[in-house]
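# got a predicted structure plus its sequence, pasted below:
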Amino acid sequence: MLDKVKIENQPELIVGGNYVDERGRLDFINDLDMSLIKRVYFTTHFDTNVVRAWQGHKIESRWFICVKGNFTVKLIAIDDWENPSKDLKTSNYILSANKPAVLYIPSGYVNGFKALEQNSKLMIMSDYGLNEIENDQVRFDQNKWTKWDN
């Protein structure tokens with residue numbers, strides 16, 4: 001499935017599900033192929049005023065899973081890394097720990113995200129190891145393409 005996504009180079013929300021019985025709740029994302037993933041890390045937003053935007057990768061791809069709380073995530077396909085257009089289209093996603101899903105972010109995109117409730121936690125996975133590729137990360141001002149409501 002991820003090979004297909006990589007060829008198309010489009011973001012994809014891979015939706016999971018859950019099962020509940022007297023023993024508890026089981027969350028799953030069975031359609032996620034983790035064979036390309038080399039690294040995992042987490043970010044926790046203590047309050048809802050923090051915005052992490054815009055950061056992206058020319059080569060590296062990422063997968064986001066909300067493991068606690070809720071996040072709004074915005075993505076933009078970059079047309080020119082040195083001088084991107086001001087009117088690029090933003091795609092918006094809501095990730096929630098209560099609705100198992102993973103957001104695939106292919107190379108060539110920038111992302112921005114913000115917690116919708118305090119102490120929300122996002123698990124981020126990458127197809128490259130730490131410092132495996134040089135000069136791949138690019139950052140832009142958080143208000144370059146959109147305003148982040150508080």
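Okay, I see it.

# can you pull out the helices in the protein?
2-8 (DSSP state H).

# show me where it has strands.
For the chain, the strands defined by DSSP state E cover 12-15, 17-21, 24-28, 39-45, 51-57, 62-68, 70-77, 91-96, 101-105, 109-115, 120-126, 137-139.

# wait, Leu13 sits on Leu103?
Yes - judged on CB atoms under 8 Å, Leu13 makes contact with Leu103 at a distance of 5.5 Å. For every residue, glycine as well, the C-beta is placed using N, CA and C.

# who's more crowded, these two?
More neighbours sit around Leu103 than around the other of Leu13 and Leu103, counting by other CB atoms under 10 Å; the figures are 23 against 14.

# so where's the protein uncertain?
1-8, 150 (pLDDT under 70).

# just to revisit the earlier point, any idea which of the strands of the chain gets closest to Thr146?
strand 70-77 (6.3 Å; CB to CB).

# before we move on, the earlier item: so what sits against both of Leu13 and Leu103?
Tyr93 (CB atoms under 8 Å, 6 or more residues apart in numbering).

# what's the spacing between the spatially most central residue of the chain and Ile105?
Note on the chain: the residue nearest the mean C-alpha position is Phe64, at 3.9 Å, using CA atoms, centre = their mean. If you measure Phe64 against Ile105 using CB to CB, to the nearest Å, the figure is 7 Å.

# overlap of the contact sets of those two?
Both Phe64 and Ile105 are contacted by Asn111, under the criterion CB under 8 Å, 6+ apart.

# please consider this matter closed, and thank you.
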